[in-house]
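Visitor: Sequence first, predicted coordinates after that:
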Amino acid sequence: MHVGLATVFQNPHKERTDFDVYTNELRLADLAEPLGFESVWGVEHHFTDYTMCPDVLQFLTYMAGRSPRLSLGSMVVVLPWHDPMRAAEEISMLDNISGGRMILGLGRGAGKIEFDGFRLPMDESRDRFVECAEMVLHGLETGYCEYDGKFIKQPRAAIRPVPFKSFKGRTYAAAVSPDSMPVVAKLGIGILVIPQKPWKEVAAELETYRGIYRQVNGVDAPPPVCAGWTFCDENHDRAEEMARRYIGGYYQTVLDHYNFQGDHLAKTKGYEYYGKMAEKIATYGTDKVIDFFMNLQTWGTPDECYQKILDVRQRVGNETYVGVFSYAGMPYDEAERNMRLFSRTVMPELRKLAPGRPAARAAAPAGVALDVGLLGS
């Protein structure tokens, strides 16, 4: 199993300077290769302290020079916020600089504050995403971009430096709403799973996606990539306490950034599924929603963390796990200790797992909330 590290550059409540956050997050990223992680990932967001990485490709280019062997994953490049011609150039440039180490993750975005900041209407995001993705993906395979769509009008232009290696099999998209699954399948790319709804729903949607992918592309879909907010400790009670404080604290920043309590998503074309979050919060309360998210993530003793990751693999068939080890204002020394313990105890066991989607599902380990339906439709 491939194991990666994601950095999210959070600064909730501005308790530190942004410079201090960057200094510490980059120190953790520098540890990825020495500790045995196979990839490093960045997450694009703008304008708030939720995630302060406005240019994930710039971050990954920096890491390409710092770590000569790591794969470099974007989680994700939000295409509607970019000129797709420039995005294609920058992706190809990073891949050339790194010798073909990029794992390309794409998305359409869901933060109103970000769409407003870029002066873009959210209700066009899915159509814009499809046009941008079609142009960029075709360009990365052919060496030029050309497109005549509703939103994108691109005369033929060469990508320089020329892409030297196919992106097929190493391109993914984040898809949360069920309506996005067929879109991603028809684009011929993989799925990036960010745990936030019952695994039973995720598994069912992936089966639909796999069927469409096979029908459209004539081959099986690649295994999904699955991320997870991770807290590993030798003591179960301490792991639970810290998970509640920091993983729960992280999800509070999600609720704040996306304003899931509001009704704007339910009224925005293409985001009706997200709009149901307001209903769930009103029904169950913020604390239960946060607890549900926390129990979808990876926390506990090393054995518990391993069993939770294995259970997810049994459910969704992922062959890549991307751990997030620093979030919600966690002190640097705690994040480093968390990361080192995981790399020493859990990661070696994960890397022993042979490729191939498991046929049977393991019993659910203690502490994992399964099939609750809280965030589902």
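Guide: Structure's in. What do you need? Numbering: from 1, shown residues only.

Visitor: which parts of stretch 270-281 are buried?
Guide: Within stretch 270-281, the residues scored as buried using 16 or more other CB atoms under 10 Å are G270, Y271, Y273, Y274, G275, K276, M277, A278, K280, I281. Every C-beta, even on glycine, is put in place using the N, C-alpha and C of the backbone.

Visitor: of all these, which comes closest to R238?
Guide: For the buried residues of stretch 270-281, the minimum distance to R238 (CB to CB) is 28.9 Å, reached by I281.

Visitor: Rounded mean pLDDT for the one helix or strand that closest one maps to, please.
Guide: Per DSSP states H and E: I281 is located in helix 272-284. For helix 272-284, mean pLDDT is 87.

Visitor: Could you list the low-confidence segments of this protein?
Guide: Scanning the chain for pLDDT under 70 picks out 356-377.

Visitor: Spatially central, which residue of it would that be?
Guide: Residue closest to the average C-alpha location in the chain (CA atoms, centre = their mean): M75, at 4.4 Å.

Visitor: Hmm, C226 and it touching each other?
Guide: No: applying CB atoms under 8 Å as the test, M75 and C226 come out as separate, 11.2 Å apart.

Visitor: Distance to G169 added to the buried residues of stretch 270-281, as JSON lines?
Guide: Shown next, in JSON lines, are the buried residues of stretch 270-281 (distance: CB to CB, whole Å):
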{"residue": "G270", "distance to G169": "28"}
{"residue": "Y271", "distance to G169": "30"}
{"residue": "Y273", "distance to G169": "28"}
{"residue": "Y274", "distance to G169": "29"}
{"residue": "G275", "distance to G169": "34"}
{"residue": "K276", "distance to G169": "33"}
{"residue": "M277", "distance to G169": "33"}
{"residue": "A278", "distance to G169": "38"}
{"residue": "K280", "distance to G169": "36"}
{"residue": "I281", "distance to G169": "38"}
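
Visitor: Show me where the chain has its strands.
Guide: Secondary structure of the chain (DSSP state E): strands at 2-7, 39-42, 71-74, 77-78, 102-107, 144-148, 153-158, 171-174, 190-193, 225-232, 298-300, 320-324.

Visitor: I'd like these as a markdown table, with mean neighbour count and distance to G248 appended.
Guide: Shown next, in a markdown table, are those (neighbours: other CB atoms under 10 Å; distance: least, CB to CB, whole Å):
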| stretch | mean neighbour count | distance to G248 |
| --- | --- | --- |
| strand 2-7 | 23 | 18 |
| strand 39-42 | 28 | 22 |
| strand 71-74 | 25 | 26 |
| strand 77-78 | 25 | 26 |
| strand 102-107 | 25 | 24 |
| strand 144-148 | 16 | 43 |
| strand 153-158 | 12 | 44 |
| strand 171-174 | 24 | 22 |
| strand 190-193 | 26 | 20 |
| strand 225-232 | 26 | 10 |
| strand 298-300 | 27 | 10 |
| strand 320-324 | 25 | 14 |
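
Visitor: Let's have the ones you listed in JSON lines, adding distance to I247.
Guide: Below are the strands of the chain laid out as JSON lines (distance: least, CB to CB, whole Å):
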{"stretch": "strand 2-7", "distance to I247": "14"}
{"stretch": "strand 39-42", "distance to I247": "18"}
{"stretch": "strand 71-74", "distance to I247": "21"}
{"stretch": "strand 77-78", "distance to I247": "24"}
{"stretch": "strand 102-107", "distance to I247": "22"}
{"stretch": "strand 144-148", "distance to I247": "40"}
{"stretch": "strand 153-158", "distance to I247": "42"}
{"stretch": "strand 171-174", "distance to I247": "19"}
{"stretch": "strand 190-193", "distance to I247": "17"}
{"stretch": "strand 225-232", "distance to I247": "5"}
{"stretch": "strand 298-300", "distance to I247": "6"}
{"stretch": "strand 320-324", "distance to I247": "9"}
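
Visitor: How about the contacts made by the residue nearest to the centre of the chain?
Guide: M75 makes contact with A6, W41, G42, V43, V56, G105, A174, L192, A227, V322, according to CB atoms under 8 Å, 6 or more residues apart in numbering.

Visitor: tell me which of the residues you listed is nearest to M63?
Guide: Distance ranking of these against M63, using CB to CB, places G42 first at 7.9 Å.

Visitor: Could you check how far the closest one is from A173?
Guide: Distance, G42 to A173, by CB to CB, to the nearest Å: 16 Å.

Visitor: quick one on the thing from earlier: the helix holding I281 packs against which elements?
Guide: When contacts are defined as 3 or more CB pairs under 8 Å, 6 or more residues apart in numbering; DSSP states H and E, helix 272-284 sits against helix 286-294.

Visitor: Tell me which residues of the helix it packs on come out buried.
Guide: Using 16+ other CB under 10 Å as the test for burial, helix 286-294 gives V289, I290, D291, F292, F293, M294.

Visitor: Ok, stretch 133-140 next?
Guide: So stretch 133-140, judged by 16+ other CB under 10 Å, has buried residues A133, E134, M135, V136, L137, G139, L140.
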